[in-house]
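Visitor: Here is my input; please provide its structure:
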Amino acid sequence: MSKKGIVVILSGASSVGKGKIRNLLKEDKDLNLHFSLSITTRPKKENEVDGGDYYFVSFENFAKAVKNRELVEYTEFNGYYYGTPRHNVDFLLEQGKNVLIEVEAQGVGPLKLNYPDALAFFVMPRSMEDLEAQIIEVYGDDAADAQRRINKAKVDMEIADLFRNQVSNEDPELAVSQIKEKILEAMKK
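Guide: Take a look at the predicted model:
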């Protein structure tokens, strides 16, 4: 039987730079990382691909997935739901692949309950002021949305200390090398 893969969780506040770090990690062939796509009820943006960025589903299908315990974690933001399908994660793990899951901070608890050996990393901003400026830069066209994201980021940052592994977003390459070191260590076990 082949060795089972490991779960790597990447978390942090909204707009902190998880995506850049995720993409760099996915490119590193040594890590054998496969990204677990989330499902969402949010409408697809013009530049997004169904099955490439997310699996876009109806509220009804999302509710069925929750009811049937098909999600290892899920959350709501801005009236839309996001969740991690259990089948995708388990399938990849059974194939001996390592699974990268990018998730909001509150999703880490349920993931750790389902995958106790998972490695969880929290991406830290240089400062809360920098993070707020980043959110305003990205979402400033909609002041209410930007403020919701800032408020959520403040809540997310309050639980950052619960993470054993924290990496800074100041230098994404350095963050990736710190994460890689821990993943390679876990792969040897």
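
Visitor: Pick out the residue nearest the middle of this structure.
Guide: Geometric centre of the chain, nearest residue: residue 102, 1.3 Å, by Cα atoms, centre = their mean.

Visitor: Tell me the bridge partners for it.
Guide: Note on residue 102: beta-bridge partners by DSSP bridges are residue 10.

Visitor: That one against residue 18, yeah?
Guide: Yes - Residue 102 lies in contact with residue 18 (Cβ atoms under 8 Å); the separation is 5.5 Å. C-beta here means a position set from N, CA and C on the backbone, and glycine is covered the same way.

Visitor: Now the common contact residues for these two.
Guide: Residues touching both residue 102 and residue 18 (Cβ atoms under 8 Å, 6 or more residues apart in numbering) are 10, 11.

Visitor: Check which helix or strand residue 131 maps to.
Guide: For residue 131, the host element (DSSP states H and E) is helix 128-139.

Visitor: Show me the contact partners of that helix.
Guide: 13-17, 125, 145-146, 149-150, 153-154, 157.

Visitor: ok, now how distant is the closest residue to residue 57 other than its chain neighbours from residue 11?
Guide: Nearest in space to residue 57, with sequence neighbours left out and distances taken as Cβ to Cβ, 6 or more residues apart in numbering, is residue 39 at 5.1 Å. Distance, residue 39 to residue 11, using Cβ to Cβ, to the nearest Å: 18 Å.

Visitor: So for the two, which sits in the more crowded spot?
Guide: residue 11 (24 against 21; other Cβ atoms under 10 Å).

Visitor: do you know how far that one is from residue 49?
Guide: In terms of Cβ to Cβ, residue 11 sits 24 Å off from residue 49.

Visitor: Equivalent analysis for residue 103, please.
Guide: For residue 103, the distance to residue 49 - Cβ to Cβ - is 20 Å.

Visitor: Mind checking which of the two has more residues around it?
Guide: Comparing residue 103 with residue 49 by other Cβ under 10 Å, the one with more neighbours is residue 103, at 24 against 9.

Visitor: which stretches of the chain have low pLDDT?
Guide: The model of the chain has pLDDT under 70 over residues 1-2.

Visitor: Show me where it has its helices.
Guide: Along the chain, the stretches classed as helices by DSSP state H are 18-27, 59-67, 86-94, 108-114, 128-139, 143-158, 172-188.

Visitor: Not counting its neighbours along the chain, what's nearest residue 107?
Guide: Nearest to residue 107 is residue 73, by Cβ to Cβ, 6+ apart, at 4.0 Å.
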